[in-house]
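Colleague: What follows is a protein structure lacking sequence information:
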């Protein structure tokens, strides 16, 4: 193994461990935030309204942010050093104009959006939901501008600031709940959304300031901007389908028992503890794979993807087993206090069981999607993910009739498995070095053994969790 390879490995693991360390701290504080939020506001009609409206804006943020950052990093690495500053400046200018336009459309179409989000709501509830959609819409602008800074930092191998943003957001929410909840009630969550987004925008701008400077010029005359827009179209369609799927899930759940939307949200908070860690890993690995591909190292990129795909599955499949078996105990310990009553705990635990099955597949799907993005191929992963999402929607409608909220979240896990398999197959067509050799089959034996151990450990953990619950009461 060469000196450069050793150095690259050390840098990669340093980045992964740095991101993991910050993410763990951020998630602990975020977890505390959710405990305080659940205890203070519980799960009722008002929290459902805020969850639906903020979720709509957050999902729109997610679609645009992921589209922008993926296309930005994939192109930035290929661009000559002398042209990078102009490219960043043009991206920033175009983002401001586009984000303002989207905010305007959101506010204009808020009544239509509210009816789409919850068709089962009466006129009064729908009108109130529309008000919340308008209130949350301007947050979109701050989040998208922050995303440009985060993409720029990621492209320069600075991943920690992006993870710190969730820590900042949680701290702002905790402070506002403690000091203003008695006065503003549930609307404190609105203030927290604005406060956290503004703090993070300023923070990321300071972190990224040395990598860009605004310049004059029309961004649409920059050929690299036009190339990025072409890459973004299939990316946006793919991520928008995720958004549509999430909204359809909420529509289905909004027709169930009151408070189920909020309960499913809290289950997603717990599953996102794992999914966010996976996404952070894939973000670091994406930059590494793209650099290999940009320098002609297709073999290195292919073998790297296989090795890390197996490793991520080995790491996160056992987490799924623990989550499914111990779902109710986990939810009870996390949120089962104050206004979050037993019914909400039961609904949230059922939702968590369904979400918990996805983790290994989610990791594999994310990694092999990004391998294809590194090849500037955004169309094929979009098609694969769209097929998976269509299956998700159909299964959500079918399974919810029999299993309620568990059926909706189980459909999400099945869709992740389908998308993972399709992304592996399409990635192999683009890179012939994606294959499992003899020595790597050992990983699969480790998976089987690990799952067996997890099942055994879960039996012990249930007693431990039951003891913790008894102490809480």
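Modeller: Thanks, I have it. Quick caveat, the model's predicted, so the values are computed rather than measured. Numbers count the residues shown, from 1 in each chain.
Colleague: Quick check: next helix or strand after the helix or strand residue 302 falls within?
Modeller: For residue 302, the element it lies in under DSSP states H and E is helix 298-325. Using DSSP H and E, the helix or strand that follows helix 298-325 in sequence is helix 327-335.
Colleague: by contact count, what packs against that next one?
Modeller: Judged by 3 or more C-beta pairs under 8 Å, 6 or more residues apart in numbering; DSSP states H and E, the packing partners of helix 327-335 are helix 3-41, helix 260-294, helix 342-356, helix 441-472. Quick note: C-beta positions are derived from backbone N, CA and C, even for glycine.
Colleague: Next secondary structure element downstream of the longest one?
Modeller: Beyond helix 3-41 on the C-terminal side, the first helix or strand identified by DSSP H and E is helix 45-76.
Colleague: Report the angle between that next one and helix 260-294.
Modeller: With axes from the mean of the first three to the mean of the last three C-alpha atoms, to 10 degrees applied, the angle from helix 45-76 to helix 260-294 works out at 0 degrees.
Colleague: Give me the distance from helix 45-76 to the chain's centre.
Modeller: 9 Å (C-alpha atoms, centre = their mean, to the nearest Å).
Colleague: for that helix, packing partners?
Modeller: Using 3+ C-beta pairs under 8 Å, 6+ apart: helix 45-76 touches helix 81-108, helix 110-117, helix 123-136, helix 139-155, helix 188-208, helix 223-254, helix 260-294, helix 359-374.
Colleague: can you give me the angle that helix makes with helix 123-136?
Modeller: Between helix 45-76 and helix 123-136, the angle comes out at 40 degrees (the same axes, to 10 degrees).
Colleague: buried set for helix 45-76?
Modeller: Of all the residues in helix 45-76, those buried under the rule 16 or more other C-beta atoms under 10 Å are 46-76.
Colleague: repeat for stretch 330-349
Modeller: 330-336, 340, 344-349.
Colleague: which stretches of this structure have low pLDDT?
Modeller: 1-18, 43-44, 59-61, 242-243, 246-247, 258-259, 337-340, 436-473 (pLDDT under 70).
Colleague: Can you tell me the centre-most residue of it?
Modeller: What sits nearest the mean C-alpha location of the chain, by C-alpha atoms, centre = their mean, is residue 276, with 5.7 Å.
Colleague: Identify the residues contacting that residue.
Modeller: 23, 27, 166 (C-beta atoms under 8 Å, 6 or more residues apart in numbering).
Colleague: Please tell me I have it right and the second one contacts residue 273.
Modeller: Going back to what we said before, that points to residue 27. Yes: applying C-beta atoms under 8 Å as the test, residue 27 and residue 273 come out as touching, 5.2 Å apart.
Colleague: right, and the secondary structure at residue 408 would be what?
Modeller: What DSSP: H, G, I helix; E, B strand; the rest coil gives for residue 408 is helix.
Colleague: Can you report how many residues lie near it?
Modeller: 27 (other C-beta atoms under 10 Å).
Colleague: That one contacts residue 355, correct?
Modeller: No: applying C-beta under 8 Å as the test, residue 408 and residue 355 come out as separate, 9.7 Å apart.
Colleague: I'd like to know how far the nearest residue to residue 191 once chain neighbours are set aside sits from residue 198.
Modeller: Distances taken as C-beta to C-beta, 6 or more residues apart in numbering put residue 176 closest to residue 191, at 5.5 Å, once the chain neighbours are dropped. Taking C-beta to C-beta, to the nearest Å as the measure, residue 176 falls 12 Å from residue 198.
Colleague: How about residue 123?
Modeller: From residue 123 to residue 198 the distance is 34 Å (C-beta to C-beta).
Colleague: Compare these two and say which one has the larger neighbour count.
Modeller: Taking other C-beta under 10 Å, residue 123 and residue 198 do not tie; residue 198 has more neighbours (15 against 8).
Colleague: For the residue nearest to that one when sequence neighbours are not counted, grab the count of nearby residues.
Modeller: The shortest distance from residue 198 to any residue other than its chain neighbours is 6.0 Å, reached at residue 142 (C-beta to C-beta, 6+ apart). When neighbours are defined as other C-beta under 10 Å, residue 142 has 20 of them.
Colleague: just residue 402 next, same as before
Modeller: Residues near residue 402, counting by other C-beta under 10 Å, number 8.
Colleague: which SS class is it?
Modeller: Residue 402 - assigned by three-state DSSP - is helix.
Colleague: For residue 410, see how far away it is.
Modeller: Applying C-beta to C-beta, the value for residue 402 to residue 410 is 10 Å.
Colleague: Kindly report the same for residue 400.
Modeller: 10 Å.
Colleague: now do residue 371
Modeller: Taken as C-beta to C-beta, the span from residue 371 to residue 410 is 28 Å.
Colleague: cool, and residue 176?
Modeller: Distance from residue 176 to residue 410, by C-beta to C-beta: 35 Å.
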